[in-house]
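1. Sequence first, then the predicted structure, then my questions.
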Amino acid sequence: MPFQSGRHFLQIPGPTNVPERILHAIAKSTIDHRGPEFARLTREVLGGLKKIFQTSGEVVIYPSSGTGAWEAALVNTLSPGDKVLMFETGHFAALWRNLAVRLGLKVDFVPGDWRQGVDPKVVEAMLAEDKSIKAVMVVHNETSTGVTSQVAEVRQAIDRAGHPALFMVDTISSLALTDYRHDEWGVDVSVGSSQKGLMLPPGIAFNVVSQKALAASKSARLPRSYWDWEAVISANQTGFFPYTPPTNLLFGLKEAIQMLLEKGLEDAFKRHNRWGEATRRAIRGWGLEINCLNPKEYSNAVTAVRMPEGQDADSLRKQILERFNLSLGNGLGKLQGKVFRIGHMGDFNDLMLAGTLSGVEMGLALSGIPFKKGGLQAAIDYLAGGD
Ligand code: PLP
């Protein structure tokens, strides 16, 4: 694409904008990853991550994207042929399912319409019927659909069924964006990554591990080597890693944790909730449809907008990118061409949201898509405090 003046608007639902403070932190000279300064860094980031995940459990850091941490969660806890329960909430749940199948697990995949989250009643009923299920796996925030499942309620459903299954949750696009409590919600393995709420570039991923998951790892027989928790946890005790860690990303992670904790997690949840609400008001104002059907499940982080019948989301996005230098998220999997996604997460503020929504409104007008003007105004009125 030829030169475009001004700042690019990166409003995909991750990777998100990386703030200057983090970019500067990453730009420091790489240090000896077997030296004392690095050991201090490891301890600091592990301590900080516990606050972000709201846990006192073990945190394992991998130099990988989120997919690696998905795999790590499974190979550390399960054995070939084990049965797991998963829910078709969208594209990422489907990808995690495919990974599980490839590893040799038997997946009971509850079908879904990509517009609703996990139904805790179904969890309870399925677990009550089948005591052989070894793990329940849920994507907390479905980045492909803008739907957030109720993790605490799923936990209660598992407890009502009195089932011993492990509970694994993908927090990749909910961490530091939506309240998430690893310990309180009895999660056994949380999967996270760097490139969304933590405002870092892609390249680091996490597992948070409960004592129950750690115990399961002792007898789990899926092959594992690089992903083995034990090797990382044991090396971390002295502040090191069993392989070369992503030193500069860890500098960035330390800064990100500091930034988030300066104002507190609650503040991060509140501001993302507000941007979600402003975005939804814009969409309703345009007369378009929000993909998420249930208001209780609206995502703080991303909103998927359904296109009017016969209109293609990808040509709208192309026009908006070329004309306004604004990147929006595409429809994934079954939603390809049917939705576009507005990412409202990470290093973001009211004016960036207003700019993003004005780009969408102008793009809708340019594309000749039938819509009502005034969505942007509704969002601005809300952001300005008026209603
Ligand atoms: N899970 C969710 C909810 C995601 O949004 C993503 C990526 O966007 C993934 C998993 C996969 O992570 P990665 O692309 O970092 O491997």
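-> Here it is on my side, so go on. Numbers count the residues shown, from 1 in each chain.

2. got any ranges where the stretch 201-350 of the chain has weak pLDDT?
-> Within the stretch 201-350 of the chain, no range satisfies pLDDT under 70.

3. Residues of it that sit close to the ligand?
-> Contact residues (C-beta under 6 Å from any ligand atom) of the stretch 201-350 of the chain with the ligand: P202. Heads up, the C-betas are built off the backbone N, CA and C, glycines and all.

4. Which stretches in the stretch 201-350 of the chain count as strands?
-> For the stretch 201-350 of the chain, the strands defined by DSSP state E, counting those that start in this stretch occupy 205-209, 289-290, 302-306, 326-330, 339-343.

5. Just put these in JSON lines and tack on mean neighbour count.
-> Formatted as JSON lines, these follow (neighbours: other C-beta atoms under 10 Å):
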{"stretch": "strand 205-209", "mean neighbour count": "26"}
{"stretch": "strand 289-290", "mean neighbour count": "18"}
{"stretch": "strand 302-306", "mean neighbour count": "27"}
{"stretch": "strand 326-330", "mean neighbour count": "21"}
{"stretch": "strand 339-343", "mean neighbour count": "26"}
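
6. And for the longest helix along the chain, what's in contact with it?
-> Secondary structure of the chain read by DSSP state H shows that its longest helix is helix 265-285. With contacts defined as C-beta atoms under 8 Å, 6 or more residues apart in numbering, helix 265-285 is touched by 51-52, 54, 176-179, 197, 260, 289-290, 298-301, 303, 305, 342, 344-345, 348, 350, 353, 357, 360-361, 372, 374-379, 381-383.

7. Can you say which of these are buried?
-> Buried members of those, counted by 16 or more other C-beta atoms under 10 Å: 52, 54, 176-179, 197, 260, 289-290, 298-301, 303, 305, 342, 344-345, 348, 350, 353, 357, 360-361, 375-376, 378-379, 382-383.

8. Show only the entries of these found in helices.
-> Counting by DSSP H, the part of these found in helices is 52, 260, 350, 353, 357, 360-361, 375-376, 378-379, 382-383.

9. Of these, which is the nearest to the ligand?
-> Of all these, I52 has the smallest distance to the ligand: 16.4 Å, by C-beta to the nearest ligand atom.

10. Once you drop chain neighbours, what's closest to that closest one?
-> A176 (5.8 Å; C-beta to C-beta, 6 or more residues apart in numbering).

11. and the one you found, what does it touch?
-> I52, K196, G197, L198, L260, L265, A268.

12. Just want the residue of this structure that's nearest the ligand.
-> Here the chain gets closest to the ligand at one residue, G66, 2.7 Å apart by C-beta to the nearest ligand atom.

13. how about A39, what does it touch?
-> Taking C-beta under 8 Å, 6+ apart as the criterion, A39 is in contact with T238, G239, F240.

14. what's the answer for L177, then?
-> For L177, the contact set (C-beta under 8 Å, 6+ apart) comprises N141, K196, G197, A268, F269, H272, N300, A301, M345.

15. Could you report the neighbour count for the spatially closest residue to the first one that is not a sequence neighbour?
-> What that stands for is N141. Closest residue to N141 apart from its sequence neighbours, by C-beta to C-beta, 6+ apart: S174 at 3.9 Å. Each residue near S174 was counted by other C-beta atoms under 10 Å, and the total is 29.

16. is it true that S174 touches T148?
-> Yes. Counting by C-beta atoms under 8 Å, T148 is a contact partner of S174 at 6.7 Å.

17. Find residues that contact each of these two.
-> Contacts common to S174 and T148, judged by C-beta under 8 Å, 6+ apart, are H140, N141, N300.

18. okay, these in a markdown table with distance to V209 next?
-> Shown next, in a markdown table, are the shared contacts of S174 and T148 (distance: C-beta to C-beta, whole Å):
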| residue | distance to V209 |
| --- | --- |
| H140 | 17 |
| N141 | 21 |
| N300 | 25 |
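
19. The stretch 51-200 of the chain: strands as residue ranges?
-> 58-62, 83-87, 106-110, 133-139, 141-142, 147-148, 166-170, 189-193.

20. returning to that earlier point: so what's the residue nearest to N141 up against?
-> H140, N141, T148, Y180, G197, N300, A301.

21. The fourth one touches T148, doesn't it?
-> No. In this structure, Y180 sits apart from T148 without contact. The criterion is C-beta under 8 Å, and the distance is 10.2 Å.

22. so what sits against both of the two?
-> Taking C-beta under 8 Å, 6+ apart as the contact criterion, the common neighbours of Y180 and T148 are H140, S174.

23. follow-up on the earlier one: make JSON lines out of the contacts of A39 and add neighbour count.
-> Output for the contacts of A39, formatted as JSON lines (neighbours: other C-beta under 10 Å):
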{"residue": "T238", "neighbour count": "10"}
{"residue": "G239", "neighbour count": "19"}
{"residue": "F240", "neighbour count": "17"}
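
24. how long is stretch 176-195 end to end?
-> Length of stretch 176-195, first residue to last, C-alpha to C-alpha, to the nearest Å: 11 Å.
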